[in-house]
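Asker: Quick one: sequence and predicted model below, then my questions.
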Amino acid sequence: MPKGFTQLNYYEVLDIKPDAMAFEIRHAYNAALQVYQPGSLASYSFFPEDERQEILSLVETAYRTLISDQARKDYNEELIRRGELDVRKEAASAAKKPVSIFNIRRNPVAKVALTNNVTLKNKINQSQLIGDILAQNELCGADLKKIRMELGVLTEQIAQETKIRHDHLCSMEEDHVARLPAAVFLKGFVKSYLKCLSLEPVEELSARYMDTVARLPQK
Amino acid sequence: MAYIWPIGGGKGGSGKSFLTSSLGRLSAGLGKRTLVIDLDLGAANLHTLVGVPYPKKGFSDFIRKKILRLEDTVVETPFENLFLISGAHDNFDIANLPYEQKIKTLRAIMKLDYDSVLLDLGAGTSFNTLDFFLISQHGIFITTPEPTSIENVYRLIRSIYFRRIRYCFNVTDFKALEDEVVIQFGDGSFNKPECMIKVIADVYPEKYEQLQDVFSAFRFKLIINQVRKHDNAALGMQMSRMIEKHLGLHIEFAGNVAYDDHVHDAICQRVSFLDRYPCTRTACDLHEVGKQIVQPGGQQLMFRYL
Ligand SMILES: Nc1ncnc2c1ncn2[C@@H]1O[C@H](COP(=O)(O)OP(=O)(O)O)[C@@H](O)[C@H]1O
Ligand SMILES: [Mg+2]
């Protein structure tokens, strides 16, 4: 029998595990507010107004209860009495394994932005285009861009992963010499870039890139 | 047997046809024999998007029995491996397709000999649209980050949920269920599948089990199209979570597709957006989403109500 939202326990309401820490609770609370607030797009038209209010007040109560140590302890005891929380595991309070009390049948798949290394490596090995580029004596920014496009990776993703500013990445890919950072930094950037795309050998390729760039005319 | 990807969405203009054509192109580009079918009869324009301005034949010939086999209504497109069944020349709504014709069409689509088949379903929640959506478990929902579009896509999702429940019951039993739902949950609940499923769990436990199996076999996906810079990028995840939590349906968020004026330009110039503007964010997004469509995990389970 599926549970209605109002029958969920507070942990389920906030989508957190029974051993969640304070910062996780706060985070979950904020996430829930974003979804259920009256102005939220994600829940637009999903509920009638009174139901939304009911949910919001439940979220509020759940948060207030779980964020306070004493109230949470009392609530846990109540859950244990109701048989929703495992006593034994709860007693070992530093339990490493969280107790699963969720009635969620299928876990939503979290999407990871960047393809993992194995996939990238496979693609690199199988791509004629990338093989050709890496076989050249020169390696300029435009070549890096071609490789990146071939791998289906966005500059935004690289920026996120390497923390390199996005406009730097663009200048690199466009071989915009005047806008490139100083060589010492550039070398670090290109290494991170190569690592991020799983391109190897990093040392050799970065040296090749630095050589190529040094010979580019100033635009 | 082909993988079938029904593509539906709340509203006209959300980008169903654009995405159908783009995903079709990507699939074909990987060497898969890909067929796109325009079932948005009455507002057909898939042919234009895949570079066939004047299709010589199409779906209407099959409906009007001028062409007996659905596979014979297929036309080639300028793109290798990409084929089309056009919906042009149809001035009736898919909603009005008579029952026998619908069953005949559904069966014919299932038998088509392509690697992937993409169905452009058009807006609306007519029973026929829902039935085409439920032809496979790989349905894709498209919405834009606008309240109007989201409202419609939620309505569509609920209608599909209901429709699938409806298959398990005859008219009288279903009516009785509807009455029971209103008795237990009040007036506002008649359009809430989540309430109905609770009643079913209670009164038809076997059917409930059966439905759980059906629903957990669904591999529905959600794409947010026309995402602008300032839009909330987390919207898709949030919606997917809402649907999971409150409807108990798992719809995987497949990604955002950025808004780009070049889409308009490409359509006006009647060139393929992916060819003309391959380096745009939107093109990258399409590739990203396309990957999940082109390399599906698991096997296609055909929906067996026919
Ligand atoms: N990602 C996008 N960026 C910019 N414009 C888009 C995008 N997707 C769709 N459009 C615009 O929306 C219009 C409607 O798209 P279309 O695919 O015909 O919608 P539908 O089939 O859902 O009615 C297109 O003509 C195009 O100009
Ligand atoms: Mg359309």
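Answerer: Right, received. Where do you want to start? Numbering: from 1, shown residues only, chains lettered A, B, ... in the order given. Ligands and ions are numbered 1, 2, ... in the order given.
Asker: Give me the number of neighbouring residues for residue 4.
Answerer: No chain in the question, so chain A it is. By the criterion of other C-beta atoms under 10 Å in any protein chain shown, A:Gly4 has 12 neighbours. Heads up, the C-betas are built off the backbone N, CA and C, glycines and all.
Asker: To clarify, I was referring to chain B.
Answerer: Count around B:Ile4 with other C-beta under 10 Å applied: 24.
Asker: For it, give me the pLDDT.
Answerer: You'll see B:Ile4 listed with a pLDDT of 94.
Asker: element containing it?
Answerer: Using DSSP states H and E, B:Ile4 sits within strand B:3-9.
Asker: now swap in B:Arg219 and tell me
Answerer: Per DSSP H and E, there is no helix or strand for B:Arg219.
Asker: mind listing what's buried in the longest helix belonging to chain A?
Answerer: Counting residues, the longest helix found in chain A (DSSP state H) is helix A:49-67. Across helix A:49-67, burial judged by 16 or more other C-beta atoms under 10 Å in any protein chain shown covers A:52, A:55, A:58-59, A:62-63, A:65-66.
Asker: if we can go back for a sec, tell me the helices and strands packed up against the strand holding B:Ile4.
Answerer: helix B:16-29, strand B:116-120, helix B:127-133, strand B:140-143, helix B:147-167 (3 or more C-beta pairs under 8 Å, 6 or more residues apart in numbering or on different chains; DSSP states H and E).
Asker: looking at these, which is closest to A:Ala28?
Answerer: For these, proximity to A:Ala28 was assessed by C-beta to C-beta; helix B:147-167 is nearest, at 22.9 Å.
Asker: Tell me where the model's unsure across the chain.
Answerer: This is for chain A. A:1-3, A:87-115, A:219 (pLDDT under 70).
Asker: look at chain B instead
Answerer: The model of chain B has pLDDT under 70 over residues B:1, B:90, B:294-306.
Asker: Near ligand 2, which residues of it are found?
Answerer: Residues of chain B lying close to ligand 2 by C-beta under 5 Å from the ion are B:17, B:40.
Asker: For B:Ala43, give me its contacts.
Answerer: B:12, B:122 (C-beta atoms under 8 Å, 6 or more residues apart in numbering or on different chains).
Asker: what secondary structure does it sit in?
Answerer: At B:Ala43 the chain is in coil, as set by DSSP: H, G, I helix; E, B strand; the rest coil.
Asker: Next one: it from chain A, what distance?
Answerer: Per C-beta to the nearest C-beta, to the nearest Å, B:Ala43 is found 23 Å from chain A.
Asker: Now that residue. Its backbone dihedrals?
Answerer: Dihedral angles of B:Ala43 (phi, psi; degrees, to the nearest 10) stand at phi -130, psi 40.
Asker: returning to that earlier point: paired strands for the strand holding B:Ile4, with orientation please.
Answerer: strand B:116-120 (parallel), strand B:140-143 (parallel) (DSSP bridges).
Asker: just to revisit the earlier point, show me what the longest helix of chain A is packed up against.
Answerer: So helix A:49-67, by 3+ C-beta pairs under 8 Å, 6+ apart, packs with helix A:10-14, helix A:22-36, helix A:69-81.
Asker: can you tell which of those is closest to B:Gln212?
Answerer: helix A:10-14 (18.8 Å).
Asker: and the closest one, what does it pack onto?
Answerer: By 3+ C-beta pairs under 8 Å, 6+ apart, helix A:10-14 packs against helix A:22-36, helix A:49-67.
Asker: Helices along the chain, start to end?
Answerer: Here I'm looking at chain A. Assigned by DSSP H, the helices in chain A fall at A:10-14, A:22-36, A:49-67, A:69-81, A:87-91, A:117-126, A:128-135, A:141-151, A:155-162, A:166-173, A:183-196, A:202-214.
Asker: Oops, wrong one, chain B.
Answerer: B:16-29, B:46-49, B:59-63, B:99-111, B:127-133, B:147-167, B:171-185, B:193-203, B:205-217, B:235-242, B:261-268, B:273-276, B:281-294.
Asker: Kindly report the domain assignment for chain A.
Answerer: A:5-90, A:117-215 (automatic domain parsing).
Asker: Ramachandran coordinates for B:Gly248?
Answerer: Per degrees, to the nearest 10, the backbone of B:Gly248 is at phi 70, psi 20.
Asker: for A:Phe43, what are its contacts?
Answerer: For residue A:43 the amino acid is Ser, not Phe. Here A:Ser43 is in contact with A:35-36, A:52, B:238, B:242 (C-beta under 8 Å, 6+ apart).
Asker: ok, and the most crowded of the residues you listed?
Answerer: A:Val35 (22 neighbours).
Asker: Would you mind confirming that that residue is in contact with B:Ser240?
Answerer: No - look at A:Val35 against B:Ser240 with C-beta atoms under 8 Å: they stay out of range, at 10.8 Å.
Asker: tell me, what's touching those two both at once?
Answerer: Counting by C-beta under 8 Å, 6+ apart, nothing touches both A:Val35 and B:Ser240.
Asker: rewinding a little: could the strands paired with strand B:3-9 go into JSON lines alongside distance to A:Leu205?
Answerer: Output for those, formatted as JSON lines (distance: least, C-beta to C-beta, whole Å):
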{"stretch": "strand B:116-120", "distance to A:Leu205": "37"}
{"stretch": "strand B:140-143", "distance to A:Leu205": "39"}
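Asker: can you count the residues close to the closest residue to ligand 2 within chain B?
Answerer: Proximity of chain B to ligand 2 (C-beta to the ion) peaks at B:Ser17, 3.3 Å away. Neighbourhood size, B:Ser17 [other C-beta under 10 Å]: 29.
Asker: Hmm, it is touching B:Leu39, no?
Answerer: No - counting by C-beta under 8 Å, B:Ser17 does not reach B:Leu39; the two are 10.7 Å apart.
Asker: what sits up against stretch A:183-198?
Answerer: A:114, A:117, A:120-121, A:124, A:144, A:147-148, A:151, A:153, A:158, A:161-162, A:164, A:168-169, A:172, A:180-181, A:200, A:202, A:205-206, A:209-210, A:213-214.
Asker: That'll do, ta.
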